[in-house]
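J.: Quick one, structure for this:
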Amino acid sequence: MPIPPDKEKKPSAQLALQFELSLEGGEPTPALAPNAKRRLLQLGPRILDYQLKRSHRKSIGFVVDEVGLTISAPRWVTLAQIEEAIREKERWIFAKIAEMREHRRAHPRVQWEHGATLPYLGAPVKLVVSKGEPENGQAVSFDVVRRELMIHLPPAAGAQQIKDRAQGWLQGEARRIFAERLEQFAQNLGVRPRSFRLSSAATRWGSCSTEGKILLNWRLIHFPLTSIDYVVAHELTHLKEMNHGPRFWKTLGQLLPGFEIARAHLQDPPGELLPIL
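T.: Predicted structure coming up:
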C-alpha cells in the first residue's frame, strides 16, 4: 500500500544529491554516505552542498531525501557533465530542498532525553529516564495511567542508548498489537497470511505479496488504532483481491466500514504523529 509515512513525492528522475540546510536553517550537514564525496557547486547566489557517489549505473541519478542530497553517476561521466546535469535540474533540486525543510518544520525531531515525548497509539508518551538498575528488573516499562515510558540505563549511557531502548519498546509493541489485529481481521475475512514481519520502509505503510507475506511499517504504532486497523485490513484484503479494483474496495468496506476516514488521516498525517527519530 503506497501511502508513505513521509508523504512521498517521487522525483521525475532518480537523482541523488546531498544538501546543507545550515545555509539557511542552521541545521547540521548530514553525514557522508558510504563511498560518497562531498562537493560544493555555486549556482547563482546559492551554494549547493551535495554528495557524489560513483556507481555502475548507466545514467545520472538524483534523489533528495531526509538523509541529504546525493548524486549517483556512472564512473565514465565527467564532473563537468554532472554539474551541467545539476544546472538543468536546478529548479527541481531547490524545490525538493524547500520541501524537505518544510517537512522538518512540520515533523519535530525527538530529543532523546529525560522528559521528551513520543507518539504512541495517537497520544504522547513521556520518557522517564533513570540511571541505575531497575527495582523490578525491567529495563523498560510503561505506566499506562501516567503514560510514561520508564527507561533504566547505566550511569554512563547517553542519547543513543535512550533511543535504542525507546524504539525497541515501540517496535515490540508494534509486533504485539499488529499480530493481534491481523489475527482478528483474518478470522473475520476468512483468510490466513503466510507470514508477518515488521518493516522500516520509507515509502509504504504496508504490503502483501502474492505468496501471502505481509509487511507492516512499525511506525504505524505512532498512530491511533483506527489507522493501524485500516492498514492491517487493507493488506489482508489483498489475500482475496491482489489489486485495487472495485471488488477490492467493496471487500475492504465490508471488513472495515468507514475506512475512508483512517485512510485520509494516513495520507496527510499530523506532524506530531511522525516525528523525526
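
J.: Quick check, Trp112 in contact with Ile162.
T.: Yes: in terms of C-beta atoms under 8 Å, Trp112 counts as a neighbour of Ile162; the distance is 4.4 Å. Every C-beta, even on glycine, is put in place using the N, C-alpha and C of the backbone.

J.: tell me, what's touching those two both at once?
T.: Leu127 (C-beta atoms under 8 Å, 6 or more residues apart in numbering).

J.: my guess is Arg192 meets Phe185, correct?
T.: No: using C-beta under 8 Å, Arg192 is not in contact with Phe185, being 11.1 Å away.

J.: The two: which is more packed in?
T.: Phe185 (19 against 12; other C-beta atoms under 10 Å).

J.: Provide the secondary structure category for the more buried one.
T.: The three-state label for Phe185, taken from DSSP: H, G, I helix; E, B strand; the rest coil, comes out as helix.

J.: and it, what is it in contact with?
T.: Here Phe185 is in contact with 229, 232-233, 236, 255-256 (C-beta under 8 Å, 6+ apart).

J.: Over to Gln254?
T.: No contacts exist for Gln254 under C-beta under 8 Å, 6+ apart.

J.: Swap in 10 Å and give it another go.
T.: Shown in contact with Gln254 (C-beta atoms under 10 Å, 6 or more residues apart in numbering): 188-189, 233, 237.

J.: one step back: who touches both of Arg192 and Phe185?
T.: With C-beta under 10 Å, 6+ apart, Arg192 and Phe185 have common neighbours Leu236.

J.: just the contacts of Gln254 now: which is nearest Arg57?
T.: Among those, Thr237 lies closest to Arg57 (C-beta to C-beta), at 36.6 Å.

J.: Nearest residue to Phe178 in space, ignoring adjacent ones along the chain?
T.: In space, and not counting its chain neighbours, Phe178 is closest to Leu216: 5.1 Å by C-beta to C-beta, 6 or more residues apart in numbering.

J.: what's the answer for Phe196, then?
T.: Leaving out its chain neighbours, the residue that sits closest to Phe196 by C-beta to C-beta, 6+ apart is Ile214, at 4.9 Å.

J.: now swap in Arg75 and tell me
T.: Arg54 (5.0 Å).

J.: so where is this protein shaky, pLDDT-wise?
T.: Judged against pLDDT under 70, the low-scoring parts of the chain cover residues 1-34, 66-68, 103-107, 135-136, 271-272, 276-277.
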